[in-house]
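Participant: Give me coordinates for this.
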Amino acid sequence: MAQPAPRYEPLAEGPFAKTHADFTRIGDFDWEALGATVDDPRERERGRRSFILRALDEQRSLLAFSELLTELCLSGAPIDVIGSMTRVVRDEAHHVDLCDRVVKRLGGWGSRSPQPSWVRTNKKVPLKLRALQMVLGSLCIGETLSVAMIAGVREHTADPVTHEVMTRLLADESFHSRFGWWWLESMPLTDEDHQHARAYLERILPSVQRSLRPAPDTLAKAHRHSPFGSMSAAERERAFVDTMEKKILPGFDRAGLEATAIWRRLQTNEEAA
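Facilitator: Got it, this is the predicted structure:
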């Protein structure tokens, strides 16, 4: 029997369910039709596993951005910034629900539900700098890369309802990325902020490359696209490099963070290793 998601299982009835459905428009999707034309159990299992991973990512983002929202409130951020961040949190709650529904339509979570790899801010870092780190790492980098990857996966999503789900995710993630860049453009950075941000990028960019960029030995491997969406390693490599070099690094450079120079040093060190 299919098991519920590892957390955030909905009540699915009553005033909370109605309020959630009203603001997420979760009823726009024909959930009964999802996967109806895909009979191959291997493809359904492949789709189920991919959406379990996506659901865990969304659960992690929900906690991370809820924490950022709290820290913006504590720091006295402008109310329109806080209001816009509230939309990001609301979107992530929606994404958790969407991905959970796809998992359940494709067979459920199974008896041993995995746990997300939580992203938390370091409370030893001053409040303002914690917010800066989250904006740089999770919004400007994480959500901007997410937009590129979701767009690539959606391109190969043949199941119509899953394609609609990916379209909704893509639209929301695009706003989340823009929030990060708006914040960086709107919030004056002190010399201390610039110094801290550059040091943070020195640490985070190698981690991003290790975790999100495909390994070189996977790029030539054959890939069969899933009806529920997938990308080959070569497609992920192109999306990663293009997004990093054409969007993320130039955006940080405009903010005076010298990200392209940091990135080039990283690539040189990787090649020399």
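Participant: what ranges do the helices span in the stretch 151-273 of the chain?
Facilitator: With helices called from DSSP state H, counting those that start in this stretch, the stretch 151-273 of the chain shows them at 160-186, 191-212, 233-243, 249-254, 259-272.
Participant: got a list of contacts for stretch 154-162?
Facilitator: The contact list for stretch 154-162 (C-beta atoms under 8 Å, 6 or more residues apart in numbering) reads 29-31, 33-35, 37-38, 47, 102, 163, 166-167, 170, 225-231. Any C-beta I mention is one placed from the backbone N, CA and C, and that applies to glycine too.
Participant: Ignore what I typed, I meant stretch 120-140.
Facilitator: Stretch 120-140 is contacted by residues 61, 63-65, 67-68, 71-72, 74-75, 77, 119, 176-177, 179-181, 183-184, 189, 193, 196-197, 200-201, 204, 248, 251-252 when judged by C-beta under 8 Å, 6+ apart.
Participant: Emit the ChimeraX select command for whichever of the residues you listed are buried.
Facilitator: Only the buried members of the contacts of stretch 120-140 end up in this ChimeraX selection, burial being decided by 16 or more other C-beta atoms under 10 Å:
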select :61,63,64,65,67,68,71,72,77,176,177,179,180,181,183,184,193,196,197,200,201,204,248,251,252
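Participant: pLDDT below threshold where in the protein?
Facilitator: For the chain, applying pLDDT under 70 flags the ranges 1-6, 272-273.
Participant: quick check: longest helix of it.
Facilitator: For the chain, the longest helix by residue count, based on DSSP state H, is helix 41-74.
Participant: now the angle between helix 160-186 and that one, please.
Facilitator: Relative orientation of helix 41-74 versus helix 160-186 (axes from the mean of the first three to the mean of the last three C-alpha atoms, to 10 degrees): 30 degrees.
Participant: Tell me which helix or strand comes right after helix 41-74.
Facilitator: helix 79-105 (DSSP states H and E).
Participant: The helix or strand following that next one versus helix 41-74: what angle between them?
Facilitator: Helices and strands here follow DSSP H and E; after helix 79-105, the next one along the chain is helix 127-134. Calculated by the same axes, to 10 degrees, helix 127-134 forms an angle of 160 degrees with helix 41-74.
Participant: Tell me the gap between helix 127-134 and the middle of its chain.
Facilitator: From the chain centre to the centre of helix 127-134 is a distance of 19 Å (C-alpha atoms, centre = their mean, to the nearest Å).
Participant: Show me what counts as buried in that helix.
Facilitator: Under the neighbour-count criterion of 16+ other C-beta under 10 Å, helix 127-134 has 128-134 buried.
Participant: which of those are the two that sit furthest away from each other?
Facilitator: Within these, two members stand farthest from each other by C-beta to C-beta: Lys128 and Met134, at 11.1 Å.
Participant: what about Ala55, how many neighbours?
Facilitator: 27 (other C-beta atoms under 10 Å).
Participant: Next: Thr260.
Facilitator: For Thr260, using other C-beta under 10 Å, the count is 15.
Participant: Next: Asp191.
Facilitator: 7.
Participant: Over to Met166?
Facilitator: Met166, neighbours per other C-beta under 10 Å, totals 23.
Participant: Tell me who's in contact with it.
Facilitator: 150, 153-154, 157, 229.
Participant: Can you tell me what sits against stretch 7-16?
Facilitator: Outside stretch 7-16, the residues that touch it by C-beta under 8 Å, 6+ apart are 17, 20, 59, 62, 93, 96-97, 100.
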